[in-house]
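Novice: quick one: sequence and predicted model below, then my questions.
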Amino acid sequence: MRPIRIRTKTEEASAVYFPRDALRALKKYAGDSALIFTDENVFRLYGERMRESLPGAKIHVMPAGEAHKVPETLGGLLQAMAEAELTRASALVAVGGGVVGDLGGLAAALYMRGIRCIQVPTTLLAQVDSSVGGKTAVDFCGVKNLIGAFRQPEAVLVDGAFLQTLPAREILCGAGEIVKYAALDGALFDLLRERREDLCDSSFLSSVVPRCIAFKAEIVRRDPQESGLRRCLNLGHTTGHAIELSHPELSHGACVLYGILYESALAKRYLQCDEEYLSRLEALCKRALSAHAPGIDAAACARLARLDKKNRSAEQIAAVVPVRKGEFALLELAYEEYAHALNQIGEITC
Ligand code: NAD
Ligand code: GLY
């Protein structure tokens with residue numbers, strides 16, 4: 001498959017490659033001096049292959065999970081980079097999901113004011129979303145992604161083989177983002193509708209990853225630092241994040257899918273939209289969610305949506321919502337109105 005190249009307005013170049021074996025390909029992209037950063041689960045599964053791929057490189061392993069996406073882990077990684085005597089010419093290779101990618105990307109942006117970063121995403125979510133586009137961050141003071149930087153990775157190596165070891169819950173995380181892309185990209189929407197029986201199948205989902213990345217790459221090229229257009233990539237995420245905070249037992253992907261369901265209902269209520277299309281989009285979300293149908297506490301979600309970074313103030317809720325095939329809109333509602341609407345929409349079942 002041909003690489004997808006991204007050149008932003010700030011002239012930072014980045015490219016996404018689809019090698020047959022990403023770890024074997026590392027030598028070509030990382031160069032002679034590199035440190036590999038990964039988490040304990042990915043290391044357990046692929047550590048030996050990492051050692052073989054870059055025999056001279058040190059490997060720094062973090063504990064797995066969002067709870068460790070914090071400055072302390074970042075500090076440990078920066079220390080390992082200094083002890084490995086990385087120079088401006090070295091590369092940080094992040095092999096893992098979005099947590100490893102966000103942390104590794106930030107460490108690469110900070111070390112010596114910026115060294116090369118090679119992303120090797122191993123979850124579906126990281127392949128389809130987080131490894132591409134240059135958003136890097138750690139959580140701080142209990143707020144997600146409060147400290148971060150925009151810095152494009154030099155290369156992203158996407159290899160679907162990693163998905164063979166990924167648990168179903170993590171596949172659903174990526175599926176949520178893929179359905180989000182379908183709500184933005186009409187041709188992808190048609191394809192997912194045609195293949196709706198396969199929405200939980202990792203091989204099918206993996207086959208649409210390049211299309212999703214190409215879509216995101218074009219958005220990032222036009223708006224690398226999210227001053228406008230890039231906000232469309234947050235479709236479904238305002239209510240999705242609030243659901244994530246009020247329902248910690250749900251995966252991020254399930255929350256995004258519920259977020260799209262609620263925000264589609266909001267679009268029907270407040271905007272001129274294609275209701276038939278929105279009903280089809282809702283059916284896709286429910287299909288992807290199929291096995292996950294808990295009740296959502298709409299009142300708690302509304303309260304937590306007040307905390308979303310995308311809002312101008314806690315009194316004004318902003319959400320990118322689907323309106324018709326390939327079209328979306330920014331819906332801004334006073335908090336009281338949003339809370340009232342969510343309560344009226346009530347519980348959504350699949
Ligand atoms: P994650 O990195 O925590 O990975 C999920 C789990 O899967 C972990 O336990 C990990 O060890 C395990 N894992 C990873 N690869 C595996 C494999 N191939 N086989 C078996 N297990 C594997 O979570 P995630 O969903 O990949 O990423 C979520 C993070 O991404 C969040 O912190 C979120 O804020 C961030 N994110 C960033 C962006 C961005 O643009 N930078 C976009 C979306 C999400
Ligand atoms: N995940 C949204 C973005 O990269 O902008």
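Specialist: Nice, thanks for sending it over. Ligands and ions are numbered 1, 2, ... in the order given.

Novice: what packs against the helix or strand hosting R280?
Specialist: Assessed by DSSP states H and E, R280 sits inside helix 275-289. On a contact count with 3 or more C-beta pairs under 8 Å, 6 or more residues apart in numbering; DSSP states H and E, helix 275-289 meets helix 168-184, helix 186-194, helix 252-270, strand 316-324. Yep, even glycine has a C-beta here, placed from its N, CA and C like the rest.

Novice: what angle do it and helix 186-194 make?
Specialist: Inter-element angle recorded for helix 275-289 and helix 186-194: 60 degrees (by axes from the mean of the first three to the mean of the last three C-alpha atoms, to 10 degrees).

Novice: about what we covered before: out of the helices and strands packed on helix 275-289, the one nearest K28 is which?
Specialist: Comparison of the helices and strands packed on helix 275-289 against K28 by C-beta to C-beta identifies helix 168-184 as nearest, at 26.1 Å.

Novice: just how off-centre is that closest one within its chain?
Specialist: Distance, stretch centre to chain centre, for helix 168-184: 9 Å (C-alpha atoms, centre = their mean, to the nearest Å).

Novice: quick one: average confidence on it?
Specialist: The pLDDT scores in helix 168-184 average 95.

Novice: so that helix, near ligand 2 or not?
Specialist: No - counting by C-beta under 6 Å from any ligand atom, ligand 2 has no neighbours in helix 168-184; the shortest distance is 7.6 Å.

Novice: picking up where we left off before, buried stuff in the helix holding R280?
Specialist: 277-278, 280-282, 284-289 (16 or more other C-beta atoms under 10 Å).

Novice: over to stretch 20-29?
Specialist: 22-23, 25-26, 29.

Novice: centre of the chain to stretch 119-133, how far?
Specialist: Worked out by C-alpha atoms, centre = their mean, stretch 119-133 lies 7 Å from the chain centre.

Novice: returning to what we had before: generate a markdown table for the buried residues of helix 275-289, with distance to L54 and pLDDT as supplementary columns.
Specialist: Output for the buried residues of helix 275-289, formatted as a markdown table (distance: C-beta to C-beta, whole Å; pLDDT from 0 to 100):
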| residue | distance to L54 | pLDDT |
| --- | --- | --- |
| Y277 | 48 | 97 |
| L278 | 48 | 97 |
| R280 | 46 | 97 |
| L281 | 43 | 97 |
| E282 | 46 | 95 |
| L284 | 40 | 95 |
| C285 | 41 | 94 |
| K286 | 44 | 92 |
| R287 | 41 | 91 |
| A288 | 37 | 91 |
| L289 | 40 | 88 |
